[in-house]
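Chemist: got a predicted model here, sequence first, then my questions.
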Amino acid sequence: MNNVRTRFAPSPTGYLHVGGLRTALYSFLYAKKHNGSFLLRIEDTDQKRSVPGAVENIISTLAWAGITFDEGPGKEGAYGPYIQSQRLELYHKHALELVEKGHAYYCFCSSERLEKIRAIQTAQKRPPCYDRHCRDLAAEIVAERLRNKEPYVIRMKVPLEGECVFNDIIRGTVAINYNNVDDQVLIKSDGFPTYHLAVVVDDHFMQISHVIRGEEWLPSTPKHVLLYQYFGWTAPAFAHLPLLLNPDKSKLSKRQGDVAVEDYRAKGYLAEALVNFIAFLGWNPGDTREIFTLDELIKEFSLERVGKSGAIFNLEKLQWLNQQHIHRATHERLLQEIKPLLKEKGWDNHSDAYLGAVIDLLKERVTVIPEFLVNGQFFFVEPTSYDEKAKAKCWTAETVGYLNDLAKQFASLIPLSASAVEQAVRTYAQEKNISASVLIHPLRLALTGVSAGPSLFHLIEVLGKEAVARRLAAAIKVLG
């Protein structure tokens, strides 16, 4: 396939939504699968809703996810600028061209009149839409009102009968009756274009070959197809992605959980796990494989394997995938995530070798990155308090003597390996004619302050002789 060019065109209205990340991901995967180009375009024509810093957040979030754009803000190509508010002259020129061709018209209706019409239509249980009051105004009346500088918008003329038929890669042939399509505003009273004009003009001049976007844009597609026809341009291929749904089948919304990518990033989900999860919200590889890297997704992705039905956002599946990616991650990859968290807590006085050993002990026991610190706090700070319930179960009058004897044995072990520690503990238990658990449980409590954790013998090896001796002495003093 030649000249594949896709784009992700978000509005800078806040954090990037997981649905937006899926649109960006699918557009990126499709372009890269076909050796094409992926563009980022910022659609900021609704100035009232633009949020300061949102563009920077979108760019940084895409970079975090590994979704790199070939052209866009800060990476100018031959078709820029890539921020719509910097392209206003182009939109005005083409809106006026439509007026001259008879495909659009000036509308002078006030907001009060429009609200009144909508209220009447709603009361009559009709879908609210413009009543085309200004569609057939005489040319001399239009000219006079323009001379008087009356506020206006420019609307497109939608056919009064018939239907728009177009092909969708995911849904096949789609037919929408023009009775259900409003005379869309193209240029607003503030001089800015609406999404519908800007997206068509930009996609044409940026030579976009495939428009991949959410299902919510499907009812608007006839407006875009009409504009391509009115301008005499070839429309791109369309692919409308299924809705993202909550487990109760309602549309994914913040009311029922986190929807911003930033939320999952802050909670410690790996980018590769979230991308893997998002890829499966509508697409599947056609077999039983579930764990994919970004490169593997590029190789396998196809729009033909994207389904029509809504995709359930299953948080348990995301957690499982994150576990799998943590298990497969290298020390270097996990250290990238863990070190900043340790620094925040002032626990960053450990070598990479030590942290790598801690990772090996904990990675099977964590779901998200912060759990390395939560579940393994005792690796980074020595305990100052001890679980009272655990103490009541395992600490007896003989425990101090046992631990003192074991502390001497550990000090003599060269090296202090997990296997040597285990042999010392079990041999000592036999000598004392007691169960090894009589030693293991208080040892764990003394060294960590808690009753559960990774393999005790490996834990002792990682802590090292000095830390083990110090912790045992401190615990004996406190728990005596």
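Modeler: Noted; the coordinates are in hand. None of the values given here were measured: they were computed from a predicted structure.

Chemist: how many residues are close by Leu252?
Modeler: 22 (other CB atoms under 10 Å). The C-beta positions use only the backbone N, C-alpha and C, and glycine is treated the same way.

Chemist: same check on Leu146?
Modeler: Leu146: 12 neighbours (other CB under 10 Å).

Chemist: please work out which residues outside the helix or strand hosting it touch it.
Modeler: Using DSSP states H and E, Leu146 maps to helix 139-147. Under the criterion CB atoms under 8 Å, 6 or more residues apart in numbering, residues Tyr105, Tyr106, Phe108, Tyr152 lie in contact with helix 139-147.

Chemist: secondary structure, neighbour count and distance to Gly80 for those residues - can I get that in CSV?
Modeler: Putting these into CSV (DSSP: H, G, I helix; E, B strand; the rest coil; neighbours: other CB atoms under 10 Å; distance: CB to CB, whole Å) gives the following:
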residue, secondary structure, neighbour count, distance to Gly80
Tyr105, strand, 21, 31
Tyr106, strand, 19, 31
Phe108, coil, 18, 35
Tyr152, coil, 18, 30
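
Chemist: list the contacts for Ser381?
Modeler: Heads up, residue 381 is Val, not Ser. For Val381, the contact set (CB under 8 Å, 6+ apart) comprises Trp347.

Chemist: with the one 4 residues further on instead?
Modeler: Ser385 sits next to Gly449 when contact means CB under 8 Å, 6+ apart.

Chemist: does it count as helix, strand or coil?
Modeler: Assigned by DSSP: H, G, I helix; E, B strand; the rest coil, the conformation of Ser385 is coil.

Chemist: how far away is it from Phe28?
Modeler: Ser385 is 49 Å from Phe28, where distance means CB to CB, to the nearest Å.

Chemist: what of Met206?
Modeler: Relative to Phe28, Met206 is positioned 16 Å away (CB to CB).

Chemist: tell me the centre residue of this protein?
Modeler: Most central in the chain under CA atoms, centre = their mean is Val261, positioned 3.5 Å from the mean C-alpha point.

Chemist: was I right to think it contacts Thr61?
Modeler: Yes: the criterion here is CB atoms under 8 Å, and Val261 meets it with Thr61 at 5.1 Å.

Chemist: need the overlap of contacts for those two.
Modeler: Tyr15, Leu16, Leu21.

Chemist: okay, and which of the residues you listed map to strands?
Modeler: In this view, the shared contacts of Val261 and Thr61 have no member that belongs to strands under DSSP state E.

Chemist: let's have those residues in CSV, adding distance to Gly453.
Modeler: Shown next, in CSV, are the shared contacts of Val261 and Thr61 (distance: CB to CB, whole Å):
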residue, distance to Gly453
Tyr15, 36
Leu16, 37
Leu21, 35
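
Chemist: let me have those in CSV, extended by distance to Arg444, neighbour count and pLDDT.
Modeler: Converted to CSV, the shared contacts of Val261 and Thr61 look like this (distance: CB to CB, whole Å; neighbours: other CB atoms under 10 Å; pLDDT from 0 to 100):
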residue, distance to Arg444, neighbour count, pLDDT
Tyr15, 42, 18, 89
Leu16, 43, 25, 94
Leu21, 42, 24, 97
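
Chemist: closest to Ala473 out of those residues?
Modeler: Ala473 has its nearest neighbour among the shared contacts of Val261 and Thr61 in Tyr15, at 49.6 Å by CB to CB.

Chemist: for the closest one, give its distance to Val51.
Modeler: Distance from Tyr15 to Val51, by CB to CB: 9 Å.

Chemist: now do the residue located most distally from the centre of the chain, the pLDDT please.
Modeler: Centroid-distance maximum for the chain: Glu431 at 57.7 Å, with CA atoms, centre = their mean. The model reports Glu431 with a pLDDT of 96.

Chemist: using the three-state scheme, assign it.
Modeler: Following three-state DSSP, the label given to Glu431 is helix.

Chemist: any idea how far it is from Ala411?
Modeler: Glu431 is 18 Å from Ala411, where distance means CB to CB.

Chemist: again, but for Pro81
Modeler: 69 Å.

Chemist: and the helices in the stretch 101-250 of the chain?
Modeler: Along the stretch 101-250 of the chain, the stretches classed as helices by DSSP state H, counting those that start in this stretch are 111-123, 139-147, 195-205, 221-231.

Chemist: and the ones you listed, which is most packed in?
Modeler: Burial of the helices of the stretch 101-250 of the chain is given as mean neighbour count (mean count of other CB atoms under 10 Å); helix 195-205 ranks first at a mean of 22.

Chemist: could you give the angle of it to helix 221-231?
Modeler: 50 degrees (axes from the mean of the first three to the mean of the last three CA atoms, to 10 degrees).

Chemist: show me the contacts for Leu479.
Modeler: Leu479 makes contact with Tyr386, Lys391, Trp395, Thr399, Val400, Leu445, Ala446 under the criterion CB under 8 Å, 6+ apart.

Chemist: great, nothing more from me.
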